[in-house]
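> coords below, sequence missing:
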């Protein structure tokens with residue numbers, strides 16, 4: 001397991017994987033980070049995973065973000081294999097060759113979620129996990145500082161839980177863990193901040 005000081009993060013406002021323990025032991029494992037999430041002063045998740053002994057790979061559509069990641073990896077004296085491309089462009093990975101895929105707050109705006117899920121399913125080994133953290137669909141109905149919703153639940157700007165879960169089902173994943181994560185600053189908040197899901201690949 002990763003220590004609390006080097007934990008995979010699911011956003012600056014919520015607890016990380018030191019609490020939820022979804023990524024497991026990544027030592028020697030091949031791990032893809034889909035999108036390099038903004039993590040404030042903390043290192044990118046792919047650097048954290050590489051420090052923990054993973055064979056870390058990162059994909060992001062922004063060359064600037066990948067450049068920042070490369071510098072962070074050099075500073076941490078670890079190796080992260082970097083690819084500039086859309087999150088579903090996983091052609092560099094052979095089928096059944098990856099032990100874990102992580103997407104932390106990076107797929108909320110992906111238009112073609114079924115394509116992304118199909119590609120993740122293809123590259124994962126049988127039984128391996130896809131860990132996804134996204135803005136909770138109810139939280140996505142609000143803008144910061146607004147006391148009332150400004151978006152309809154399930155609108156294009158706020159994918160519904162049923163849409164997400166049916167996407168996993170149709171792509172032959174089995175969801176085995178779901179957390180509706182409150183913000184650290186307000187554990188009793190009326191609305192959870194993050195929807196955290198772990199889904200395991202079924203079939204080959």
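Looks like it came in fine. Keep in mind that this is a model prediction, so the values were computed, not measured. Numbering: from 1, shown residues only.

> Next up, the contacts around the closest residue to residue 168 other than its chain neighbours.
Once flanking residues are discounted, residue 168 sits nearest to residue 199: 4.9 Å by CB to CB, 6 or more residues apart in numbering. All C-beta spots, glycine's among them, are computed from the backbone N, C-alpha and C. Residue 199 sits next to 129-130, 132, 168, 173-176 when contact means CB atoms under 8 Å, 6 or more residues apart in numbering.

> Against residue 115, how distant is residue 199?
16 Å (CB to CB, to the nearest Å).

> my guess is residue 131 contacts residue 101, does it?
Yes. If you go by CB atoms under 8 Å, residue 131 and residue 101 touch, sitting 7.3 Å apart.

> Any stretches of this protein with poor pLDDT?
1-5, 38-40, 157 (pLDDT under 70).

> same for the longest helix anywhere in it, what does it pack against?
Identified as the longest helix of the chain according to DSSP state H is helix 63-76. Secondary-structure packing of helix 63-76 (3 or more CB pairs under 8 Å, 6 or more residues apart in numbering; DSSP states H and E): helix 45-51, strand 55-60, strand 80-84.

> need the ones you listed in a markdown table with distance to residue 107 and mean neighbour count, can you?
As requested, these are arranged in a markdown table below (distance: least, CB to CB, whole Å; neighbours: other CB atoms under 10 Å):
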| stretch | distance to residue 107 | mean neighbour count |
| --- | --- | --- |
| helix 45-51 | 14 | 26 |
| strand 55-60 | 12 | 24 |
| strand 80-84 | 16 | 18 |
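
> Please, where are all the helices along the protein?
Going by DSSP H, the chain shows helices at 17-20, 45-51, 63-76, 113-123, 161-170.

> still on that earlier bit, just the buried ones from the contacts of residue 199?
Buried subset of these (neighbour count, 16 or more other CB atoms under 10 Å): 129-130, 132, 168, 173.

> between those residues, which is closest to residue 145?
residue 132 (27.1 Å; CB to CB).

> can you tell me which residues contact the closest one?
Counted by CB under 8 Å, 6+ apart, residue 132 has contacts 102-104, 107, 196-199.

> Can you tell me, leaving aside adjacent residues, what's nearest to residue 15?
Using CB to CB, 6+ apart, the closest residue to residue 15 is residue 184 (6.3 Å).
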